[in-house]
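A.B. asks: model this:
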Amino acid sequence: MAKYVAAIDQGTTSTRCMIFDHSGQVVAVDQREHEQIFPRAGWVEHDPEEIWRNTRQVCAGALANGDLVDADIAAVGITNQRETTVVWDRKTGEPVYNAIVWQDTRTNRIIEQLGALGGGQERYRSVTGLPLATYFAGPKVKWILDNVDGARERAEAGDLMLGTMDSWVLWNATGGVEGGLHLTDATNASRTLLMNLDTLSWDPEIAAEMGIPLSMLPEIRSSSEVYGHFRERGALAGLPIAGILGDQQAATFGQACLRPGEAKNTYGTGNFLLLNTGTEKVMSRNGLLTTVCYKIGDADTVYALEGSIAVTGSLVQWLRDNLGMIGSAAEIERLASGVEDNGGAYFVPAFSGLFAPYWRADARGAIVGLTRYVNKGHLARAVLEATAFQSREVIDAMNADSGVELTSLKVDGGMVVNELLMQFQADILGVPVIRPVVNETTALGAAYAAGLAVGFWGSEDEIRQNWAQDKQWDPELDEKSREKHYTSWKKAVTKTFDWVDEED
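C.D. replies: The predicted structure follows:
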């Protein structure tokens, strides 16, 4: 009898397979990083074929690490970096270009051209819930069709397929050129700028404006149903693939934020705060995104407000890899703990422009407030504080949009093991910050979606019962100091604006 559920977590920097038991505890895991490709300033790419190879390897590795066989697994879920986009040939299975990553800013000129048709940044918001921004998948597809030799002709002939990374993994996992399924779920589709939020269907007018043939698009399904089965060769052979959720929606589900008003913040490559708004679609007035939170089978669609921050954990990675100030990500807490404060230095990591609540593609990173007093400890602290300050800005916008003041914040993701950061997050928010026992709730959410579809978990109530608190940080900073720090941060952010000229 199957005792476990597996989840493939295809993230921005790595791919993992995690296996969970009925209580939501991790039984086994395997993980492989993939190359980050930077062809030009502002361009970020991945090799889709490397990612698929890694996916196959981690599925086999997780089974081996847990001393398990396929028969031990009831179902498989998929979660993924959402807006990262790949276009491939339906006959050969070969990508026509590298996957363009969600952080990539090359589509800024396309965004400006679409906005000039009328409505500017708000052109598609009433239909899609999203502003016009380089973040989303649709303009990335347009760039590939416009710039890769022969791609548009092949697309119009019906030879090309497109998808976010869930679609790429699912198509390959279910057979690829030998009958692979071309599907996505509503959470991923809602990140393309191409889906109608009310009907959960592709909008033909928007697709036409972007020059994207509808034949390229995957079928949109719910987040929890049996889509198909793993191909018969390799690990997980024949097992049902029964859940798909974009990574941040998966983390929301894994955190059991299943009632309206419940929110979580994921600290990963970037930060993503989602507030469950129930079956009501709340349109933002303060720079947030309206998105699908999840859709379980035939049940009503659940929506969310989201604040997306491009650079948080990747800033620590940059400090390690580009500057060599630390040897590992874990070292930053020790370095930052060697000073009492940031020494007056603020680091605004607008490497890919600024996402919520500003949506400024013209912004670039800046370190401000430097004096001779500032040392590497102060800079390390400024790096960590940047994550907390950006989260505060998003939460302020969310409070304004929802009309409900956040009273505590559930957190997850790789950075939440950093206790200095978690304490400062509580200090700058003025509310408790709560970490669950299972930090990596992204994979857990995908496992829950798959397990619900096959009856491994009987209801959402069982998921709520699995959630358990590990640690809570309460605010220690007085309100006057809190607001002084925050005011300085807001001033620092303004120094990043208007850096990129149109000709750039």
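A.B. asks: can you give me the helices for the stretch 401-504 of the chain?
C.D. replies: Assigned by DSSP state H, counting those that start in this stretch, the stretch 401-504 of the chain shows helices spanning 419-429, 441-454, 460-466, 479-494.
A.B. asks: got the buried residues for stretch 132-151?
C.D. replies: Applying a neighbour-count criterion of 16 or more other CB atoms under 10 Å, one finds 132-145, 151 buried in stretch 132-151. Using the backbone N, CA and C atoms, a C-beta is placed for each residue, glycine as well.
A.B. asks: Of the helices of the stretch 401-504 of the chain, which is nearest residue 472?
C.D. replies: Distances from residue 472 to each of the helices of the stretch 401-504 of the chain were compared by CB to CB, and the smallest falls on helix 419-429, at 8.5 Å.
A.B. asks: from the buried residues of stretch 132-151, which is closest to residue 447?
C.D. replies: residue 137 (24.7 Å).
A.B. asks: is it true that that closest one touches residue 83?
C.D. replies: Yes. In terms of CB atoms under 8 Å, residue 137 counts as a neighbour of residue 83; the distance is 5.0 Å.
A.B. asks: what do those two both touch?
C.D. replies: Each of 164, 191-192 lies in contact with both residue 137 and residue 83 under the rule CB atoms under 8 Å, 6 or more residues apart in numbering.
A.B. asks: among these, which are in strands?
C.D. replies: If you go by DSSP state E, the shared contacts of residue 137 and residue 83 have residue 164 in strands.
A.B. asks: Could you dump the shared contacts of residue 137 and residue 83 into a markdown table and include distance to residue 28, pLDDT and neighbour count?
C.D. replies: Putting these into a markdown table (distance: CB to CB, whole Å; pLDDT from 0 to 100; neighbours: other CB atoms under 10 Å) gives the following:
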| residue | distance to residue 28 | pLDDT | neighbour count |
| --- | --- | --- | --- |
| 164 | 26 | 97 | 29 |
| 191 | 30 | 95 | 30 |
| 192 | 33 | 96 | 30 |
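A.B. asks: nearest to residue 433, of the shared contacts of residue 137 and residue 83?
C.D. replies: Within these, the smallest distance to residue 433 is 26.5 Å, found for residue 191 (CB to CB).
A.B. asks: hang on, the closest one packs against residue 84?
C.D. replies: No. Using CB under 8 Å, residue 191 and residue 84 do not qualify as a contacting pair, with a distance of 9.7 Å.
A.B. asks: Overlap in contacts, those two.
C.D. replies: 137, 164.
A.B. asks: closest to residue 199 out of the helices of the stretch 401-504 of the chain?
C.D. replies: For these, proximity to residue 199 was assessed by CB to CB; helix 441-454 is nearest, at 21.5 Å.
A.B. asks: could I get the closest one in CSV with only the CA atoms?
C.D. replies: Backbone C-alpha positions of helix 441-454 (Å, rounded to 0.1, in the frame of the first residue of the first chain) are rendered in CSV as follows:
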residue,chain,number,x,y,z
THR,A,441,6.1,24.3,2.2
THR,A,442,6.3,24.8,-1.6
ALA,A,443,6.9,21.1,-2.3
LEU,A,444,4.5,20.2,0.5
GLY,A,445,1.7,22.2,-1.1
ALA,A,446,2.2,20.4,-4.4
ALA,A,447,2.1,17.1,-2.5
TYR,A,448,-1.1,18.1,-0.8
ALA,A,449,-2.8,19.0,-4.1
ALA,A,450,-1.8,15.6,-5.6
GLY,A,451,-2.7,13.7,-2.5
LEU,A,452,-6.2,15.3,-2.3
ALA,A,453,-6.8,14.2,-5.9
VAL,A,454,-6.2,10.5,-5.2
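A.B. asks: Now that helix: average pLDDT?
C.D. replies: Across helix 441-454, pLDDT averages out at 95.
A.B. asks: Show me what counts as buried in stretch 276-294.
C.D. replies: Applying 16+ other CB under 10 Å to stretch 276-294 flags 276-278, 281-282, 284, 286-294 as buried.
A.B. asks: try stretch 434-448
C.D. replies: Judged by neighbour count using 16+ other CB under 10 Å, the buried positions of stretch 434-448 are 434-436, 438-448.
A.B. asks: Any chance of JSON lines for these, columns distance to residue 222?
C.D. replies: Supplementary listing: the buried residues of stretch 434-448 in JSON lines, determined by distance: CB to CB, whole Å:
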{"residue": "434", "distance to residue 222": "29"}
{"residue": "435", "distance to residue 222": "30"}
{"residue": "436", "distance to residue 222": "25"}
{"residue": "438", "distance to residue 222": "24"}
{"residue": "439", "distance to residue 222": "27"}
{"residue": "440", "distance to residue 222": "24"}
{"residue": "441", "distance to residue 222": "20"}
{"residue": "442", "distance to residue 222": "19"}
{"residue": "443", "distance to residue 222": "19"}
{"residue": "444", "distance to residue 222": "19"}
{"residue": "445", "distance to residue 222": "14"}
{"residue": "446", "distance to residue 222": "14"}
{"residue": "447", "distance to residue 222": "16"}
{"residue": "448", "distance to residue 222": "14"}
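A.B. asks: Which one of those is nearest to residue 18?
C.D. replies: residue 443 (4.1 Å).
A.B. asks: ok, that closest one to residue 238 distance?
C.D. replies: The span separating residue 443 from residue 238 equals 21 Å under the rule CB to CB, to the nearest Å.
A.B. asks: same check, this time on residue 437
C.D. replies: Summarising the geometry, the distance separating residue 437 from residue 238, computed by CB to CB, is 32 Å.
A.B. asks: ok, and for the helix or strand where residue 395 lies, which residues are buried?
C.D. replies: Mapping residue 395 onto the secondary structure by DSSP states H and E places it in helix 376-402. Residues 377-398, 401-402 are the ones in helix 376-402 that count as buried (16+ other CB under 10 Å).
A.B. asks: what about the strands in the stretch 201-350 of the chain?
C.D. replies: 201-202, 219-221, 224-229, 240-246, 263-267, 271-278, 289-294, 302-309, 346-348 (DSSP state E, counting those that start in this stretch).
A.B. asks: Comparing these, which stretch has the densest surroundings?
C.D. replies: Mean neighbours per residue, mean count of other CB atoms under 10 Å, is largest over these for strand 240-246, with a mean of 29.
A.B. asks: same for that strand, what does it pack against?
C.D. replies: In this structure, strand 240-246 packs against strand 73-80, helix 165-173, strand 183-185, helix 186-189, strand 224-229, helix 441-454, with contacts taken as 3 or more CB pairs under 8 Å, 6 or more residues apart in numbering; DSSP states H and E.
A.B. asks: Turn these into a markdown table, columns for distance to residue 31.
C.D. replies: As requested, the helices and strands packed on strand 240-246 are arranged in a markdown table below (distance: least, CB to CB, whole Å):
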| stretch | distance to residue 31 |
| --- | --- |
| strand 73-80 | 14 |
| helix 165-173 | 15 |
| strand 183-185 | 23 |
| helix 186-189 | 22 |
| strand 224-229 | 24 |
| helix 441-454 | 10 |
